[in-house]
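K.L.:
following is a predicted model, sequence given first.
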Amino acid sequence: MQCVGAPAVATHLERGGVCSEVRSVVEAHRVSIAGSNSLSIDFLAAASLCCSVLLIPANIGSSPIHGVGCFAAAPIPCGAVVWRFHEGLDVLIPRDALGGLPEVVRAYLETYAYTPTEDPAVLLLCGDATRHINHASDGNIVRSARTDVRYGEYIAARAIALGEELTCDYFEFDATARDKLRA
């Protein structure tokens, strides 16, 4: 199993900062992090399989916007809270740690992680289907007015129908949105 230098993620796991479902998948793959600054690349795949912090039911499917998207698995009323940062599932990766990672991992993070506008020294990798929400300048999910929630809280901007693709304006929260959307 190929291991990569990922001390921030390994430390996060060692502190017990991952839900039991992710931990069991990682352990099933015999990923050992004890006393090591390495972590199997399989962790990223395992983390995407389970534990939703999306606060609404959602599915991953084919998207006309960008190939893969996140879709409402039930109607979502206007104003419903859709997502909040969840320490223990969502992973913060220091930008200064990126140089030590293999190119394939950096490319993965460039695609699925984002740079929070309020904390440009880190990348935030959502540990659930949120990473598949695509950009739209008039997204059906917007940042709420709450300022007491770390990395924001996101709500339905209007009623969202069953099967509708979830979208948000990346410029509301991602300091690297311009670069990401150019690619």
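P.N.:
Sure thing, it's come through.

K.L.:
rest of the way, CA atoms for contacts and neighbours
P.N.:
OK.

K.L.:
next, name the residue at the spatial heart of the chain.
P.N.:
In the chain, the C-alpha nearest the mean C-alpha coordinate belongs to Cys126, at 1.6 Å (C-alpha atoms, centre = their mean).

K.L.:
and the nearest residue to that residue once chain neighbours are set aside, what are its bridge partners?
P.N.:
In space, and not counting its chain neighbours, Cys126 is closest to Asp90: 4.5 Å by C-alpha to C-alpha, 6 or more residues apart in numbering. In this entry, Asp90 is beta-bridged to Glu87, by DSSP bridges.

K.L.:
please apply the same query to the one 4 residues further on.
P.N.:
Beta-bridge partners for Pro94, by DSSP bridges, are Val122.

K.L.:
my guess is it meets Leu125, correct?
P.N.:
No: with contact defined as C-alpha atoms under 8 Å, Pro94 does not count as touching Leu125 (11.0 Å).

K.L.:
low-confidence regions, the chain specifically.
P.N.:
1-53, 183 (pLDDT under 70).

K.L.:
and His66, how close does it get to Ala175?
P.N.:
Per C-alpha to C-alpha, to the nearest Å, His66 is found 20 Å from Ala175.

K.L.:
who's more crowded, the two?
P.N.:
Ala175 (17 against 11; other C-alpha atoms under 10 Å).

K.L.:
which ones are touching that one?
P.N.:
Tyr114, Thr115, Pro116, Thr117, Pro120 (C-alpha atoms under 8 Å, 6 or more residues apart in numbering).

K.L.:
how about the nearest residue to it, chain neighbours excluded?
P.N.:
Nearest non-adjacent residue to Ala175, counting by C-alpha to C-alpha, 6+ apart: Thr117, 4.8 Å away.

K.L.:
neighbours of that neighbour, how many?
P.N.:
Thr117: 16 neighbours (other C-alpha under 10 Å).

K.L.:
likewise Asp179?
P.N.:
9.

K.L.:
where do the domain boundaries of this protein fall?
P.N.:
1-50, 52-182 (automatic domain parsing).
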